[in-house]
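Q: sequence? don't have it. structure:
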């Protein structure tokens, strides 16, 4: 039986996930780091991180200026069990690296674990398994115009 408190927790966890994605795409690394507990782990289709510091450093280094990203999740399935929760999300993402004439579109299923902290819900583990990726050379898309690449939006 779902309680009102469970629904509030699901809402708060959803807000956390959306903040994670927004801060990743706007390259707001402080806000991105704040989504995790320090001991958080990650596994993005075999790209493994042992803690928050390593995960944030990797994203900062590899998704910095000149790389345009879009991450959207939907169809959440969130189960709350006291002060922990598990979330499954369907991810659609896009990465554009104009300097390398590269465009990636993909989809994955996230499986996240969350923990309630005094500051609210935080990610204790995040990761996904890819269902597919499409890679394009921007030269093969002569009418495609990329704008906004490298802008800092937060």
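A: Right, received. Where do you want to start? All of these numbers come straight from a predicted model, not from anything done at the bench.
Q: show me what contacts residue 71?
A: 21, 24, 25, 91, 92, 93 (CB atoms under 8 Å, 6 or more residues apart in numbering). C-beta coordinates here come from the backbone N, C-alpha and C atoms, glycine included.
Q: do that again at 6 Å, thanks
A: Contacts were defined as CB atoms under 6 Å, 6 or more residues apart in numbering; by that measure residue 71 touches 21, 24, 25, 93.
Q: Go ahead and report the secondary structure state at it.
A: strand (DSSP: H, G, I helix; E, B strand; the rest coil).
Q: Kindly state the pLDDT recorded for it?
A: What the model reports for residue 71 is a pLDDT of 97.
Q: re the thing from before, and of the contacts of residue 71, the nearest to residue 10?
A: Compare each of the contacts of residue 71 with residue 10 using CB to CB and the shortest gap goes to residue 21, at 16.8 Å.
Q: In which helix or strand does the closest one reside?
A: Element membership for residue 21, per DSSP states H and E: helix 4-26.
Q: and that helix, which residues are buried?
A: By 16 or more other CB atoms under 10 Å, the buried positions in helix 4-26 come out as 9-10, 12-14, 16-17, 20-25.
Q: try stretch 71-84
A: Within stretch 71-84, the residues scored as buried using 16+ other CB under 10 Å are 71, 73, 78, 80.
Q: returning to that earlier point: contacting residues around the helix holding residue 21?
A: Applying CB under 6 Å, 6+ apart, the set of residues contacting helix 4-26 is 31, 32, 35, 69, 71, 78, 80, 85, 114, 121, 153, 154.
Q: of all the residues you listed, which two lie farthest apart?
A: So for the contacts of helix 4-26, where distance means CB to CB, the most widely separated pair is 80 and 153, at 31.7 Å.
Q: all helices of this protein, in order?
A: Per DSSP state H, the chain carries helices over the ranges 4-26, 29-33, 52-62.
Q: what's the burial count for the nearest residue to residue 105 once chain neighbours are set aside?
A: Leaving out its chain neighbours, the residue that sits closest to residue 105 by CB to CB, 6 or more residues apart in numbering is residue 134, at 4.6 Å. Other residues within reach of residue 134, judged by other CB atoms under 10 Å, total 10.
Q: next one: the one 3 residues further on
A: With neighbours defined by other CB under 10 Å, the count for residue 137 comes to 10.
Q: Who is it paired with across the strands?
A: The residues paired with residue 137 through beta bridges, assigned by DSSP bridges, are residue 102.
Q: Noted, bye for now.
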